[in-house]
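Q: Mind folding the following:
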Amino acid sequence: MQIIDETLIRMEDLQKRLNEVSLYLTPFDCEQATLELKNLQTQFQTKREELLPTGKFKFSRNRVKKAATTPSAPETNSRNEVHDHSCHISSSLSKFGDRFSLVNLENVRDLVLPKSGCTDTIGESNSVYLAQLNQCTVHIRDVCGNLIARNLCKCHVYTYPVAGSVWIENCHQCDFVVASRQLRIHQTTDCRLGLHMGSRPIIENSTGLQVAPYGLQYAALQTDLARAGLSADINLWREVEDFSHPNKRLTTGSPNWSILAEAEWDSLKPDESSLSSTP
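A: Below you'll find the model as predicted:
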C-alpha cells in the first residue's frame, strides 16, 4: 500500500533528522526524542500488521531492495535500522577517524592536528574528536567542520575557526580557545574560554566558567574565519545563555559564568613558538 511506503519513508527521514541534530541536544532531550520516535515506530508497526495481517503485501521499497540483494535479506532491515542508532554524534553528521582524533592521552604537550606526517588538511567536511585527555595541550591548525571535546581535565585546546559547532562535555579545569558558529557546554566546571562566536554560547549544568575574546593571531586568520562562515566584526563571546538558570534567555545574572579579568586575557594565548609552523 502506497500510504505505508510513504509513512516508512517519513519515519526514516525523522531518524535521519534526529541523528543530524543530536549534537545540539542535551542527553535528556535526546533521550526523550529517541523514546518518542520509538513509540511512533511501534504504533506504525502495529497499524501495519492490522492492515497487512497475512504478510501478503510487501513494501515496494523492500521489493526493489530484494531484487538487488540476496533472497535471504530480511524485509524489515530498513525499518529496524532506527533501533541501532545511538544519540551520540552520527556518522552522517561528522566524520571521525584516527587522523583527526585524540583519545586517552595523558601529560602530552603540543599535540597537533593534522598530525605530524599527515598530508591531509582537516577541512569543513571533517570533525575533530577529543576525549579522555589529561594535562594535554592540543593545537588544531586547520578549519574543521565540528569539534567535540569530552572528558578533558587540565588541558589547553587552541583551535583555528570551526565551520559548524563546538560541543564541550564533562571537561574540568581546562582552557579552550575556539571560534565557531555555535557552542554548547554541558556538565563542565572551572574552565576558561577565549571565544569568537557567531551565535550566543550556551551552557548547561556547568559552573565556574570564565569567558574572554578569542586570542589566536596568525597570518591566515581572516581567510579562515571566512572559510568557517564567521564575520571578523561580529563576536558574541560575552552573550552567554545559561540553560540551567531560571532566566536562561538573559545573558546576565547567572552565577555559573563570568567575564575573565582583562588582565588575564593574554594568559589564554598559546606560546608564540607553538604557532610558528603552518598547517
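Q: rest of the way, CA atoms for contacts and neighbours
A: Fine.
Q: Low-confidence ranges, the stretch 1-150 of the chain, go.
A: Applying pLDDT under 70 to the stretch 1-150 of the chain flags the ranges 1-2, 23-29, 31-32, 52-98, 116-119.
Q: go with 80
A: 1-6, 8, 16-17, 19-33, 35-36, 39, 42-99, 115-120 (pLDDT under 80).
Q: Where do the strands of it begin and end?
A: Under the criterion DSSP state E, counting those that start in this stretch, the stretch 1-150 of the chain contains strands at 101-106, 111-113, 123-134, 137-140, 144-153.
Q: Please dump these into a markdown table; it should also carry distance to residue 224 and mean neighbour count for every row.
A: Formatted as a markdown table, the strands of the stretch 1-150 of the chain follow (distance: least, C-alpha to C-alpha, whole Å; neighbours: other C-alpha atoms under 10 Å):
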| stretch | distance to residue 224 | mean neighbour count |
| --- | --- | --- |
| strand 101-106 | 21 | 16 |
| strand 111-113 | 16 | 18 |
| strand 123-134 | 10 | 20 |
| strand 137-140 | 13 | 22 |
| strand 144-153 | 10 | 23 |
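Q: Any idea which of those gets closest to residue 184?
A: Closest approach to residue 184 among these (C-alpha to C-alpha): strand 144-153, 9.8 Å.
Q: helices or strands up against the following helix or strand past the closest one?
A: Downstream of strand 144-153, the first helix or strand assigned by DSSP states H and E is strand 156-159. With contacts taken as 3 or more C-alpha pairs under 8 Å, 6 or more residues apart in numbering; DSSP states H and E, strand 156-159 sits against strand 137-140, strand 175-186.
Q: tell me what the last one is packed against?
A: In other words, strand 175-186. When contacts are defined as 3+ C-alpha pairs under 8 Å, 6+ apart, strand 175-186 packs onto strand 156-159, strand 162-169, strand 192-197, strand 202-204.
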